[in-house]
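1. model the following, please.
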Amino acid sequence: MRNFNKLLKEVDVNSDEFKVLSTASFQLYLALKEIYKYKPELPTSVVAEVQLFTKMHSWFKPLVARWFELANVKAICRIDRAIELDQVRRVSDTAMHSTSAVDTVQCLLQLCELWKRLDWPVPEAAFLFVLNLTDVICEGALHYGNRLHGILEKTGYYDDEGQFDVTEQLCITLNNIHYVQRTLSNLADSLGWDKVIEDIAREGGTEAAERNRASLIRRISSTDDDLVGKCHVIVTRIGTKMGVDIRGYLQPLVSDPESVDVEKSITGLMDYLSSNLQTLSNNLFIDIFKLILFEIYRVCVEKMRDIVVDKRNLTPTVYNRLLEAIEIIVPFFYSNGNGLSREAMEINQFKQLHRLLHMRKKKTPDLVGQYFCEIAEEQDQKRVVDRGTLTVQVGFIAPDKMLCVKVLNGRNLPVMDPTGSSDPFATLELFPHYAFQGKPSSELKTAVQKETTTPLFDETFLVPCEPSTLTVEGAAIMFTCYDWDRFTKNDLMGEAVCLLSAVETVDSENKVDHLTQIMLPLSLPSEPRDPHSAYYIIESRTWDKAAVEFIKMRKKTFKSADAERK
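-> Numbers count the residues shown, from 1 in each chain. This is a model prediction of the structure:
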């Protein structure tokens, strides 16, 4: 037997000789095991010889790994043959998979039968063998998934010309992978893991047994994750291919005249989605259908967002049309509770799109207010103050309908002059412009404080203001500090925003002195490039005079800030 073991080790696993020798040795093992089972009924004259069979497991132990290698080669060949013969049609009206999935599962189950016939009695070796066979089965399942994925790529997912539409063949292929993947969930029972683990527990203790059980579970979980991941890759690819057509069907929402009804503009999209989702619903396992339904919904959201980001200069009316389209698309995917859940559809991309559309449909003055809210938020989060601070008091004098602004002092302002000091002064600009009357912005500035970085301004400004202005979103005072120069342009030192929503109301000017002093951190502004920012939207409104003037004013400030950074 020792010579036979040596011979088998030297033979190529893919050769016919290996197959013959491995099969013959396994049949011999089964025959000897069968004879030993009938030992009590054998004549006394042969019992002594049969008693030698108690050692037969040690004879055949070196061969077991080679038997499994042969089983692996045969399994892979059978799976490949099953795929080649598969016509990718349902095996019956009630089944959603095809013949290759059935043959692959039968092949994997026969490997489990191989283990039952082996019936190895030594616990420690039995665990190693069942672990080895588990790997063989997992390799076969993963090979099947990889082959089907390769076929999908090669065939263009069964539709590689013109508009992409889901086919029954594509659905069956997805079902096949899922069908084989589900078989792995029963592998523990099919291979009798519990018996192997119990035997180890009796000999090596519970801790060793559970450690070995964990090793087996990891093998199955890893392959299960790989097959699920393969399905996700295929589903994502389907979404990508459908995304090209979805984007095209969304285009009429932008290109159609604004007088055209939104429902009419997305008729093509809804028909395309309905047709493909009907095919998917009729031909996919429910959990795979929900997976691809979500992916198609995500792609719809993504493509609509791409249109919004790419086409910056659309009118607010068009953005409102896109919002109306969302109100049609979301219920379609919800399908009265039979589709995606409301919670599942609240993905980050959807929230961003919804916020972006609501922002872009706003009027320009409202966007300007949103811009100042964003600046104020960044200002509140500022941790490092490197341009100094400006201290102010702001109050609304209700009886006089007057906004009272006291500019008190500056602290740690930057050195701007070669002398090691600065000549600072502060300006005030109130937004929105239309809400304020009286003194023009050019008059709202303090006197210059010479040669100091800690100026004491102590100046008061009164501006007519209606109470309703305080509640306008983003109504604000922009404070800007400059370094005065006699012969050249004044240099920007920094700016800060104070929202009017935080202003307290008083009944007389002298009570403003008792209000909280607000210490505003000054900073050099940077031009926002975030497509979700209010500034980015305002900048795109080249057709709006108010937007153009606002952007022109801010760009001038950004240019000054950039020059100062240099």
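
2. tell me the helices and strands packed up against the longest helix along the chain.
-> In the chain, ranked by residue count with DSSP state H as the criterion, the top helix is helix 206-250. Packed against helix 206-250 by the contact rule (3 or more CB pairs under 8 Å, 6 or more residues apart in numbering; DSSP states H and E) you find helix 123-154, helix 168-183, helix 187-190, helix 193-204, helix 267-283, helix 286-310. Placement of C-beta: from N, CA and C, glycine included.

3. what about the first one, distance to the chain center?
-> For helix 123-154, the separation from the chain centroid amounts to 30 Å (computed by CA atoms, centre = their mean, to the nearest Å).

4. what is the mean pLDDT for it?
-> For helix 123-154, the mean pLDDT works out to 89.

5. just the buried positions in it, please.
-> 123, 126-134, 136-138, 140-145, 147-149, 151-152 (16 or more other CB atoms under 10 Å).

6. verify the stated contact: Y535 with E527.
-> Yes: with contact defined as CB atoms under 8 Å, Y535 reaches E527; the gap is 7.4 Å.

7. any shared contact partners between these two?
-> R554 (CB atoms under 8 Å, 6 or more residues apart in numbering).

8. more neighbours: which of those two?
-> Y535 (22 against 16; other CB atoms under 10 Å).

9. picking up where we left off before, now the helices and strands packed on helix 206-250 in TSV, with distance to M242?
-> Listed next are those as TSV, based on distance: least, CB to CB, whole Å:
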stretch	distance to M242
helix 123-154	14
helix 168-183	11
helix 187-190	35
helix 193-204	42
helix 267-283	7
helix 286-310	6
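
10. what ranges do the helices span in the stretch 401-550 of the chain?
-> Using DSSP state H, counting those that start in this stretch, the helices assigned to the stretch 401-550 of the chain run over residues 534-540, 545-565.

11. columns distance to P316 and mean pLDDT on top of the ones you listed, output as JSON lines?
-> Below are the helices of the stretch 401-550 of the chain laid out as JSON lines (distance: least, CB to CB, whole Å; pLDDT from 0 to 100):
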{"stretch": "helix 534-540", "distance to P316": "10", "mean pLDDT": "93"}
{"stretch": "helix 545-565", "distance to P316": "11", "mean pLDDT": "94"}
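
12. for P467, which of those helices is the nearest?
-> helix 545-565 (24.1 Å; CB to CB).

13. helices and strands around that closest one, which ones?
-> helix 364-381, strand 491-499, helix 534-540.

14. which of those sits most buried?
-> strand 491-499 (a mean of 23; mean count of other CB atoms under 10 Å).

15. what angle sits between that strand and helix 364-381?
-> 100 degrees (axes from the mean of the first three to the mean of the last three CA atoms, to 10 degrees).

16. how far does the very next helix or strand once past the longest helix of the chain sit from its chain's centre?
-> Next helix or strand after helix 206-250 toward the C-terminus (DSSP states H and E): helix 252-255. The chain centroid and the centroid of helix 252-255 are separated by 28 Å under CA atoms, centre = their mean.

17. and for stretch 546-563?
-> With CA atoms, centre = their mean, you get 36 Å for stretch 546-563.

18. just the buried positions in that stretch, please.
-> A546, A547, F550, I551, R554, T557, F558, S560, A561.

19. which of those lies closest to F68?
-> The closest of the buried residues of stretch 546-563, once distances to F68 are taken by CB to CB, is F558, at 70.3 Å.

20. find the nearest non-adjacent residue to that closest one, please.
-> Of all residues not flanking F558 in the chain, E527 sits nearest, at 4.5 Å (CB to CB, 6 or more residues apart in numbering).

21. now for the one you found: which residues touch it?
-> Y535, R554, K555, F558.

22. likewise Y334?
-> L340, S341, R342, M345.

23. one step back: for the helices and strands packed on helix 545-565, give me CSV that also has distance to V415.
-> Below are these laid out as CSV (distance: least, CB to CB, whole Å):
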stretch, distance to V415
helix 364-381, 23
strand 491-499, 10
helix 534-540, 30
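
24. these: which one's closest to E263?
-> Nearest to E263, of these and by CB to CB, is helix 534-540 at 26.6 Å.
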